[in-house]
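Engineer: Need coordinates for the below:
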Amino acid sequence: MSEVNKKSGDFSGLAAAYSEARPDYSMNVMRAMSALIEISRGDMRIADVGAGTGIWTRMLATLEPRSLVAVEPNDDMLHQGRIDSHNLDIQWSSGSAEATGLETSSVDWLTMASSFHWADFEKATREFCRVIRPGGWFSALWNPRKIEANPMFVRIEEELTRLHPNLKRVSSGRSGITESLGSLLAESPLFDDVVYMESTHTIDMSPARYAQAWRSVNDVQAQLGAARFSEFMTFVEQTVADQAVVRATYLTRAWSARTVQ
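Structural biologist: Numbers count the residues shown, from 1 in each chain. Have a look, this model is predicted:
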C-alpha cells in the first residue's frame, strides 16, 4: 500500500462525521444479494468486515439473521459503530480484511461495504474463504453518487479537479478496484460464481449534512492537505447554502462471489 493510501485509509477523527452524514445502500440490492445464500434469513450467519460505523451492518440487521458480527480495524469507527447500534443484536470486534479474527467456516455470508478497496485482494480473499463455509458467499459493494444527475455536483467536482488536477479517488465506487473486480473474482480459484447487481436510490439531505459527508471523505483530505481542503469545503458550503434540500442519487454497485464447495 502506498503512503498516500496509508494516510487515506486512516479514519481516525472522522467517525462522527461519517456516522452523521454518509448515505445508506439500496435495500433492493441487499434483499437480492441475501437471496443468493439459499438458506432462511433466520438461519443466516453474517459477517460485515470493514464495517466502519455500521451503516450497512444495521441494514443487514433488518434481515434478522441468526448471527451478525461487525469487524472494523479503526478504533474510532469501532467505538462509534457500537454507539450507533447499541440497541441491535450486532457483535462488534476489532480486525481487518486480512485478519478478521473470526473462526473457520463460521459465516454463510461475508460482506464489505465501501471498504474492500483498502484490502489486499489476495490476502483478504484467502482469509474470507477460510471464514466463509464452503459454498457460502462474499459480497463487496459501494454506493457512489451519480454526479451527472445534479449540475451542482458537477460544479463541485470541477472545483475539486481545479484544486488538485491529479487527485486519485481511492474509495470511489466507480473507479479503482471496481473497474476490474468482476474479472478478479471470476479468475480467482477461490470462487466459482460471480454475480453483479446494481440499483439507484435517492436521499434528500440538508446542506449541512451534505457538507458533513464531504468532511468524512478521507482520501480527498489526505491528498488536498489542510489548506486546500478548507478552501474546497468553503466552496461546497457556499454552493449548497441556498438549497432547502440537497437531493443526491446514489448507485449501489455490488459484486458477489460464491466460495468453492
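
Engineer: Longest helix in this structure, by number of residues?
Structural biologist: With secondary structure taken from DSSP state H, the chain has its longest helix at helix 218-240.

Engineer: residues of that helix that come out buried?
Structural biologist: Taking 16 or more other CB atoms under 10 Å as the basis for neighbour counts, the residues of helix 218-240 that come out buried are 218-224, 228-229, 232-233, 235-236, 239-240. C-beta: built from backbone N, CA, C; applies to glycine.

Engineer: Stretch 27-34 now?
Structural biologist: Of the residues in stretch 27-34, those buried under the neighbour-count criterion (16+ other CB under 10 Å) are 29-30, 33-34.

Engineer: Show the low-confidence segments of the protein, by residue range.
Structural biologist: Scanning the chain for pLDDT under 70 picks out the ranges 1-12, 14, 18, 21, 170-172.

Engineer: Using PDB, write out the CA atom coordinates for the longest helix of the chain.
Structural biologist: As requested, the backbone C-alpha atoms of helix 218-240 are provided in PDB (Å, rounded to 0.1, in the frame of the first residue of the first chain):
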ATOM      1  CA  ASN A 218     -10.600  10.900   4.000                       C
ATOM      2  CA  ASP A 219      -8.800  10.300   0.700                       C
ATOM      3  CA  VAL A 220      -9.700  13.800  -0.500                       C
ATOM      4  CA  GLN A 221      -8.500  15.400   2.700                       C
ATOM      5  CA  ALA A 222      -5.300  13.400   2.600                       C
ATOM      6  CA  GLN A 223      -4.400  14.500  -0.900                       C
ATOM      7  CA  LEU A 224      -5.600  18.100  -0.700                       C
ATOM      8  CA  GLY A 225      -3.900  18.900   2.600                       C
ATOM      9  CA  ALA A 226      -5.500  21.100   5.300                       C
ATOM     10  CA  ALA A 227      -5.300  24.400   3.400                       C
ATOM     11  CA  ARG A 228      -6.800  23.300   0.100                       C
ATOM     12  CA  PHE A 229      -9.400  21.100   1.800                       C
ATOM     13  CA  SER A 230     -10.500  24.100   3.800                       C
ATOM     14  CA  GLU A 231     -10.800  26.100   0.600                       C
ATOM     15  CA  PHE A 232     -12.700  23.200  -1.000                       C
ATOM     16  CA  MET A 233     -15.200  23.000   1.900                       C
ATOM     17  CA  THR A 234     -15.800  26.700   1.700                       C
ATOM     18  CA  PHE A 235     -16.700  26.300  -1.900                       C
ATOM     19  CA  VAL A 236     -19.000  23.300  -1.100                       C
ATOM     20  CA  GLU A 237     -20.800  25.200   1.700                       C
ATOM     21  CA  GLN A 238     -21.300  28.300  -0.500                       C
ATOM     22  CA  THR A 239     -22.600  26.200  -3.400                       C
ATOM     23  CA  VAL A 240     -25.300  24.500  -1.400                       C
END
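
Engineer: from the buried residues of helix 218-240, which is closest to residue 186?
Structural biologist: Here the nearest of those to residue 186, counting by CB to CB, is residue 219; it sits at 27.2 Å.
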